[in-house]
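*Asks:* What follows is a predicted structure for the sequence shown.
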Amino acid sequence: MQTISRRQSENIKNIKSVSYSDLKEGIELLKKTATAKFSETVELHANLNIDPKYADQQLRASVTLPHGIGKSLRIAILTDKIDSHKPNLLNADIIGNEDLIEKITKSEIEFDLLITTPDMMPKIAKLGRILGPKGLMPSPKSGTVTSDLNTTLQEFKKGKFEYKADKTGIVHVSFGKSNFNTQQLIENLTAIYKSIEQNRPTGVKGKYFKSVYICNTMGPSIQLDTSTIN
């Protein structure tokens, strides 16, 4: 028989089975239920009215949060012009060409994000079976295929990241840490919501958002009324 800890029991008592129409109230409750002994990641789970098996109902985009997500990304740059780009890419964790491709082929992946240039795409097409399932395959839509490596690198270092809907049409994404203040979390959540809305797939008919929930890593889910986020 599964037992519930005292901490979990207290959190469940704090949650009401309602959809919060006040965004500030929902975020404050989110922070209240962050009772673990570490700074928990706060997450958004948006259930969308899409069927990703159809090309015109797939969602994959990127967004820059005003306050970041409280995590540093290890970013790799793949380019065949290392010498000319290197002075401008000092913030990159890894810079490589054929050597980096070889490491990826061997599943030696030591990065959280891969950025490359359009001319490199034919070379890394074969890496799709390795990078694809991990969500690391560069794509123009997510902003990870670019001719301006320096600008793109700085954007991702400042908090830009990619998100996509899973095969059931749900977007799972973190938007900060429980030690962020209420206003920071509100602004981050609003930025993600607006990004999802602006990247609405062309094949969507009718209502786009089915439901939106937020939670901490170790906490219960809190439902938000989508009208309160705009």
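*Replies:* Yep, that arrived.
*Asks:* switch to C-alpha atoms for all contacts and neighbour counts from now on
*Replies:* Will do.
*Asks:* Let me know the secondary structure of residue 214.
*Replies:* Three-state call for residue 214 (DSSP: H, G, I helix; E, B strand; the rest coil): strand.
*Asks:* what number of residues lie near it?
*Replies:* Counted with other C-alpha atoms under 10 Å, the neighbours of residue 214 add up to 23.
*Asks:* wait, it sits on residue 222?
*Replies:* Yes - here residue 214 reaches residue 222: they are 5.3 Å apart, a contact under C-alpha atoms under 8 Å.
*Asks:* list residues touching both of the two?
*Replies:* Shared contacts of residue 214 and residue 222 (C-alpha atoms under 8 Å, 6 or more residues apart in numbering): residue 30.
*Asks:* Just the element for residue 156, please.
*Replies:* Per DSSP states H and E, residue 156 falls inside helix 149-157.
*Asks:* which residues are contacting that helix?
*Replies:* With C-alpha under 8 Å, 6+ apart as the test, helix 149-157 has contacts from 64, 72-73, 75, 77, 85, 88-89, 91-92, 115-117, 143-144, 146.
*Asks:* The chain: strands as residue ranges?
*Replies:* 19-20, 41-48, 60-64, 75-78, 94-96, 113-116, 160-164, 170-177, 209-216, 222-224 (DSSP state E).
*Asks:* And those strands, which one averages the lowest pLDDT?
*Replies:* Of all the strands of the chain, mean pLDDT reaches its minimum on strand 19-20 (a mean of 70).
*Asks:* what about the longest helix in this structure?
*Replies:* Secondary structure of the chain per DSSP state H: the longest helix is helix 182-198.
*Asks:* count of residues packed around the residue nearest to residue 200 when sequence neighbours are not counted?
*Replies:* Spatial nearest neighbour of residue 200, chain neighbours left out: residue 59 (7.2 Å); criterion: C-alpha to C-alpha, 6 or more residues apart in numbering. Residues within reach of residue 59, counting by other C-alpha under 10 Å, total 23.
*Asks:* In contact with residue 59, which residues?
*Replies:* Counting by C-alpha under 8 Å, 6+ apart, residue 59 has contacts 52, 164, 165, 199, 200, 201.
*Asks:* nearest to residue 193, of those residues?
*Replies:* residue 199 (10.0 Å; C-alpha to C-alpha).
*Asks:* From residue 23, how far out is that closest one?
*Replies:* Per C-alpha to C-alpha, to the nearest Å, residue 199 is found 22 Å from residue 23.
*Asks:* higher neighbour count, those two?
*Replies:* Between residue 199 and residue 23, counted using other C-alpha under 10 Å, the more crowded position is residue 23 (20 against 13).
*Asks:* for that one, what are its contacts?
*Replies:* Counted by C-alpha under 8 Å, 6+ apart, residue 23 has contacts 186, 224, 228, 229.
*Asks:* Next one: it from residue 189, what distance?
*Replies:* Taking C-alpha to C-alpha, one finds residue 23 at 10 Å from residue 189.
*Asks:* Please enumerate the shared neighbours of these two.
*Replies:* With C-alpha under 8 Å, 6+ apart, residue 23 and residue 189 have common neighbours residue 229.
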